[in-house]
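[1] Build me a structure from this.
(chains A and B)
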Amino acid sequence: MHIVVCIKQVPDVPNIRIDRERMTVIREGVESIINPMDQVALEAALDLRGKTGGRVSVITMGPPQSEEALLEALAFGADEAVLITDPAFAGADTLATSHVLARAISRLRPKPQVVLCGMKTIDSDTGHVGPQIAEELDFPQVCGVNEIHIEEDALVVKRLADGFMDTIRVTLPALVSVASGAYPVRHIPLGALERAFSHEDVVRWGSQDLALDAGEVGLRGSATRVVRLWPPPPRKKGELLTGSPQDLAARFLEKLEALSLLDEEDETE
Amino acid sequence: MKQNKDTGKVWIFGDYRNYFQNRVTLQLVGKGRELAEGLDTHVTVLLLGDQVHQYAMEYVAHGAQEVMVAEHPDLKDYQVETYTALVARWVRAFKPEIFLAGATSFGREFFPRLAKRLQTGLSADCVALDIEQETGLLLQTSPAFGGELLADVVTPDRRPQMATVHPGVFKELPHNPEAVGRILYPEVDPIPVERTRTLRSRRQQSRNANLEEAAVVIAGGMGVGSSDRFKLLFELAELLEGEVGATRPAIRAGWVEEERLLGQTGKSIKPRLLITIGTSGALQYTAGIQGAETIIAINRDPDAPVFKMADLGLVADARVLLPLILEALRKRL
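    Numbers count the residues shown, from 1 in each chain, chains lettered A, B, ... in the order given. Okay, the predicted model is just below:
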């Protein structure tokens, strides 16, 4: 079975800077990591491969340095890595991004049976790209799954959604996004990392390789525009209390009372 | 089509799964009224399901001027593919300007697929919506980088302008049993074959409730002190009907299971009250708690960064304070 994992290299959030002219985030010079939730999806893929055999491909769209994320994924145990990179892809929203990724996935051979994604990325926080890839590939989708079991031509997955634990059977091929924490992320031995980084076998595709026109990718292919990025207003300054523990415990209860968290309890007694 | 002209141009997706705990659709009806007034139109709620008439009445009572209902036994379960197919056809026929859904689990799974089919823009988990004065466009404020930044997003040319909206941001209108609204039953197209089938769906007991949906969360870090003391957090959670979360170091110490991880690599929460105990306030953690309405922090170190976010900060050793709080709370309840 061919399993594809979509990953994204993201800046480590504490160090972000913003280009206020172009209204984009400057990624250069900031430490980059594999989006943590995509790591979980990669673990899910490796787990699945362990059960069924087959191969795991990792795929990312991003600037050339996103190759690092792919090499890291190879060190974790992925079999193949595809970097989709082209200056024309810059500024893409989720509509344009999912278009490029779906096109690339449709060109992988053998035809992928399972596409896995993280729930969302820590930089743009949308969680849109997974379902949008599924739509373009005409795959069914299930989001936020905690468990994946494989049957002959289907997956049976469990996920918590809106207060319900759903058990869902989805026919293959399918796209599944994996809940954070669903699969523990291993630490990779340094040796494996070094070996992966000495490889030169990342496949690179640009617009031409994927037969994409400039009008359907990047900013031009996007439906949305970011008109402003701004830091949220700081939280209202709170109270900081010191004193005897007894006194502080009393103040704690007063606060619960002020939030009317204690009243409801009284009514039920 | 003539009948389209007087159909509302501000659409709300009627998400009634978990209706009693999740009021986001009603909140969107309230906000939708405000947006619609500015655009000289009215609000239409889309409702799909089996035997859902009661919800249509509720939406009208909370301010919906119109409800479009698709009733069919096959619509009993929330199914992304079916909903996408039916709703996309309605959008193409009636051409709404704005289409909003709550950022529920279903909304966040369904709306991206629908937006893609309609080849239009979508912003995620919005915390503010406005009509931009000069352009008349919907200004969608969406959090990025775990809430460290907000992005104002517009969809200039394509329609509808779509957004999912964070629950609890907008206020619902009061229930008015006298309110009058139109309820339409447009033709329901054949239901496509679903490739996903729900085998079982069990409502979770509140005890196991999703951290992401809990109204009260008790979170602990290394300052809690030990695995045994961490159990006190569960006692506190039980008394306050809350859920327990933890920082990465507390999980690494083996005090609590991984699924309770909060922050950048874990869950993002938005409770009414977060009580954060023995957590210093590292960004990897605070990225997941930005959405909390009120934060009470307990930490020994008066300079701990977590106090900058707290509405109430208690400078104390959690190992001493927590037993006292539990004792006092038990007397009180």
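[2] Now do the contacts for residue B:258.
    Residue B:258 makes contact with A:181, A:184, B:251, according to Cβ atoms under 8 Å, 6 or more residues apart in numbering or on different chains. No exception for glycine: its C-beta is placed from N, CA and C like everyone else's.
[3] From the residues you listed, list the buried ones, please.
    A:181, B:251 (16 or more other Cβ atoms under 10 Å in any protein chain shown).
[4] Out of the contacts of residue B:258, which sit inside helices?
    In this view, the contacts of residue B:258 that belong to helices under DSSP state H are residue B:251.
[5] Hmm, residue A:229 is touching residue B:150, no?
    Yes: judged on Cβ atoms under 8 Å, residue A:229 makes contact with residue B:150 at a distance of 7.3 Å.
[6] and for the two, which residues touch both?
    Joint contacts of residue A:229 and residue B:150 (Cβ under 8 Å, 6+ apart) are residue B:144.
[7] the longest strand in chain A is where?
    Counting by DSSP state E, the longest strand found in chain A is strand A:141-150.
[8] Report whether that strand contacts chain B.
    Yes: Strand A:141-150 lies within reach of chain B by Cβ under 8 Å from any Cβ of the partner chain, at A:141, A:142, A:143, A:144, A:146.
[9] Closest to residue B:277 out of those?
    residue A:146 (26.5 Å; Cβ to Cβ).
[10] so who does the closest one touch?
    Shown in contact with residue A:146 (Cβ under 8 Å, 6+ apart): A:157, A:158, A:159, A:160, A:179, A:182, B:259.
[11] Assign residue B:231 to helix, strand or coil.
    Classification of residue B:231 using DSSP: H, G, I helix; E, B strand; the rest coil returns helix.
[12] What's the local residue count around residue B:133?
    Using other Cβ atoms under 10 Å in any protein chain shown, residue B:133 has 9 neighbouring residues.
[13] That one: what secondary structure?
    coil.
[14] Kindly confirm my reading that residue B:156 is in a strand.
    No: counting by three-state DSSP, residue B:156 falls outside a strand, being coil.
[15] Helix or strand next in line after the helix or strand in which residue B:68 is found, which one?
    Element membership for residue B:68, per DSSP states H and E: strand B:66-71. Going down the chain from strand B:66-71, the next helix or strand is helix B:80-94, by DSSP H and E.
[16] anything in that following helix near chain A?
    Yes: counting by Cβ under 8 Å from any Cβ, chain A is contacted by helix B:80-94 at B:80, B:81, B:84.
[17] Now pLDDT and neighbour count too, for these, in TSV please.
    TSV is the format used below for those (pLDDT from 0 to 100; neighbours: other Cβ atoms under 10 Å in any protein chain shown):
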residue	pLDDT	neighbour count
B:80	94	24
B:81	93	21
B:84	95	23
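[18] which of the residues you listed lies closest to residue A:196?
    Comparing the residues of helix B:80-94 next to chain A against residue A:196 with Cβ to Cβ places residue B:80 closest, at 36.1 Å.
[19] Strands - which of the contacts of residue A:146 land there?
    Using DSSP E, the contacts of residue A:146 in strands are A:157, A:158, A:159, A:160.
[20] Surely the last one touches residue A:145?
    No: judged on Cβ under 8 Å, residue A:160 makes no contact with residue A:145 at a distance of 9.2 Å.
[21] which residues does residue 78 contact?
    Defaulting to chain A. Residue A:78 neighbours (Cβ under 8 Å, 6+ apart): A:5, A:42, A:45, A:46, A:56, A:57, A:58, A:70.
[22] think we crossed wires, I meant chain B
    B:17, B:106, B:110.
[23] repeat for residue B:159
    Shown here is residue B:159, whose contacts under the criterion Cβ under 8 Å, 6+ apart are B:95, B:96, B:97, B:120.
[24] and the residue lying closest to residue A:127 once chain neighbours are set aside, how far is that from residue B:247?
    Of all residues beyond its chain neighbours, the one nearest residue A:127 is residue A:120 (3.5 Å), with distances taken as Cβ to Cβ, 6 or more residues apart in numbering or on different chains. Separation of residue A:120 from residue B:247 (Cβ to Cβ, to the nearest Å): 20 Å.
[25] ok, the helix or strand of chain B with the lowest mean pLDDT near chain A or not?
    Least confident helix or strand, chain B: helix B:283-286 with a mean of 84, by mean pLDDT, DSSP states H and E. Yes: interface with chain A: helix B:283-286 contributes residue B:283 (Cβ under 8 Å from any Cβ).
[26] What are the contacting residues of that helix?
    Identification of contacts with helix B:283-286 by Cβ under 8 Å, 6+ apart yields A:13-14, B:221, B:247-248, B:262-265, B:279, B:305-306, B:309.
[27] ok so, going back, any idea how far residue A:206 is from the residue nearest to residue A:127?
    26 Å.
[28] Let me know whether my guess that residue A:97 is in a strand holds.
    No: counting by three-state DSSP, residue A:97 is not part of a strand but helix.
[29] Tell me the predicted confidence for residue B:21.
    Listed pLDDT for residue B:21 reads 63.
[30] In the stretch 1-150 of chain A, where is pLDDT below threshold?
    A:13-25, A:27 (pLDDT under 70).
[31] most neighbours, which of the contacts of residue B:78?
    residue B:110 (25 neighbours).
[32] Enumerate every residue touching it.
    With Cβ under 8 Å, 6+ apart, residue B:110 has these contacts: A:131, B:13, B:78, B:80, B:83, B:84, B:101.
[33] So for the spatially most central residue of chain B, what pLDDT did the model give?
    Centroid-nearest residue in chain B, with Cα atoms, centre = their mean: residue B:167, separated by 3.6 Å. The confidence metric pLDDT takes the value 80 at residue B:167.
[34] From chain A, how far off is it?
    11 Å (Cβ to the nearest Cβ, to the nearest Å).
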